[in-house]
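# no letters, just coordinates:
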């Protein structure tokens, strides 16, 4: 099993907070977001993680080095803006077990889900599985539409409705065959240029605590209320 953490975004929504520090290095309850994520990956036997870095990559490298918390780190540094899909495509070329699935985490996500359980739900014949995280107010997110077998039908755009819903939780597990959906271009979106074309993508539905710290109010909540 391989692992990639996406940590190269500009973090514009956090403004001055991430002007000089990548959001993956923001502290939550005495640990960085990266530390929380590495703990989850290490718990499923991951010993090597590719960091898809770009903006402030040199700060990240200087801060964490090539080994942290018992995990070897490999830097896949973007020389240009690649988008979420391009970043995954670029980082995937750095993994050491090309024939095995890859776990991909957005670098601003904290969750209490059990990655081992998510992996158990991955069919080797599917394209992959995506975390469907339940939030009480889905107004600011796009939601997932899937059938009773958790086969993903489509991503629904933000509807602005203040009601519970299952959203893209920013954790994916792709089988190697998922690469065939990646366009030839260098820069593209995983959400808009890849997911709509995947024929056999499933949803791992979870109502366990989840938060993305990509906006100030959710970062504040995590810093005051997160319990790992």
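Structure's in. What do you need? The model shown is predicted, which means the values in this text are computed figures rather than measured ones. Residues are numbered from 1 along each chain as shown.

# so for residue 1, what's the pLDDT?
As predicted, residue 1 sits at a pLDDT of 96.

# that one: neighbour count?
18 (other CB atoms under 10 Å). Quick note: C-beta positions are derived from backbone N, CA and C, even for glycine.

# let's have the chain start at 59 instead
Yes, from this point I'll number from 59; that puts the last item at residue 59.

# distance of it relative to residue 278?
34 Å (CB to CB, to the nearest Å).

# what's the helix or strand residue 187 falls within packed up against?
Taking DSSP states H and E as the criterion, residue 187 maps to strand 186-193. With contacts taken as 3 or more CB pairs under 8 Å, 6 or more residues apart in numbering; DSSP states H and E, strand 186-193 sits against strand 201-204, strand 223-232, strand 259-264, strand 268-270.

# that one pairs with which strands, parallel or anti?
Each strand paired with strand 186-193, and its direction, by DSSP bridges: strand 223-232 (antiparallel), strand 259-264 (parallel).

# buried stuff in the helix or strand of the chain with the lowest mean pLDDT?
For the chain, counting by mean pLDDT, DSSP states H and E, strand 210-214 ranks last in confidence among helices and strands (a mean of 87). For strand 210-214, the neighbour count (16 or more other CB atoms under 10 Å) marks 210, 213 as buried.

# got the angle for it vs strand 186-193?
With axes from the mean of the first three to the mean of the last three CA atoms, to 10 degrees applied, the angle from strand 210-214 to strand 186-193 works out at 50 degrees.

# and the helices in the protein, which stretches?
Using DSSP state H, the helices of the chain run over 91-101, 115-122, 141-150, 173-178, 248-251, 274-283.

# give the other helices and strands that the third one contacts.
Contacts of helix 141-150 with other secondary structure elements, assessed using 3+ CB pairs under 8 Å, 6+ apart, are made with strand 60-64, strand 106-111, helix 248-251.

# check the last one too.
For helix 274-283, the packing partners by 3+ CB pairs under 8 Å, 6+ apart come out as strand 85-86, strand 268-270.

# how near is residue 190 to residue 278?
Taken as CB to CB, the span from residue 190 to residue 278 is 25 Å.
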